[in-house]
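> sequence and predicted structure are below.
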Amino acid sequence: MDVLQIVAIGLIATVLVVVVKSQKPELALLLSVAAGVIIFLLVLGKIGSIMDIIKDLAARAGINMVYLGSILKIIGIAYIAEFGAQICRDAGEGAVATKIEFASKILIMVLAVPIVVAVLQALLKLVP
Amino acid sequence: MGNSVDIIFKIAGVGILVAVLNTILKHAGKEEQGQLVALAGLAIVFIWVIQLLADLFDQVKSVFKLF
């Protein structure tokens, strides 16, 4: 019953954040960061097993591993960037959060370029 | 698991302790020492959270093969 654990951690952290926030807002922010990291770490192992299954399926379907690797990297970048951006937005720094998202979009685009090129090459082969 | 949840309680404890000490020192007329206590508490908690974040980033890196 991991759901119960996660919900319990979230509720406890929320109550503690509300208690601390009135006195020390900066410590409340760090508290919510810690709660987020702990919840993330709890589900990260399960994400890893899902990734193994996806890799297995891709190997069976004969998909090139380069593409799957870059898709996994993109998902990882998106997770981390979303995490950081939400923390910044929680602290009231929407501008920094937007910049983090912008930077992560650029990094994702860099990783996606080989896939886009491959798609375009496949299209060019189809067009006589 | 229990170890990682402990850190939430530790941070909340530091927060409440710092707030109380800050109030006491302010009443005693030592506001600059209260500031120092707040700064020390922030630094301690920051170190814990940074270690936790480094752990998270390492695990994400190994799960998603981000090197």
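Nice, I can see it.
> if you skip the residues just before and after it, what's nearest to the residue in chain B positioned nearest to chain A?
In chain B, no residue comes nearer to chain A than residue B:64, which is 2.9 Å away by C-beta to the nearest C-beta. The way it works is simple: take the backbone N, C-alpha and C, and place the C-beta from them, glycine included. Spatial nearest neighbour of residue B:64, chain neighbours left out: residue A:76 (2.9 Å); criterion: C-beta to C-beta, 6 or more residues apart in numbering or on different chains.
> what values do phi and psi take at the one you found?
Dihedral angles of residue A:76 (phi, psi; degrees, to the nearest 10) stand at phi -60, psi -50.
> who's in contact with residue A:30?
Contact analysis of residue A:30 by C-beta atoms under 8 Å, 6 or more residues apart in numbering or on different chains lists B:11, B:42, B:45, B:46, B:49.
> buried stuff in the helix or strand hosting residue A:123?
Assigned by DSSP states H and E, residue A:123 belongs to helix A:94-126. Residues of helix A:94-126 classed as buried under the neighbour-count rule (16 or more other C-beta atoms under 10 Å in any protein chain shown) are A:97, A:100, A:101, A:104, A:108, A:111.
> do stretch B:38-52 as well
Residues B:38, B:41, B:42, B:45, B:49, B:52 are the ones in stretch B:38-52 that count as buried (16+ other C-beta under 10 Å).
> wait, the last one touches residue A:31, no?
The one in question is residue B:52. No: Residue B:52 sits out of contact with residue A:31 when judged by C-beta atoms under 8 Å, with a separation of 11.3 Å.
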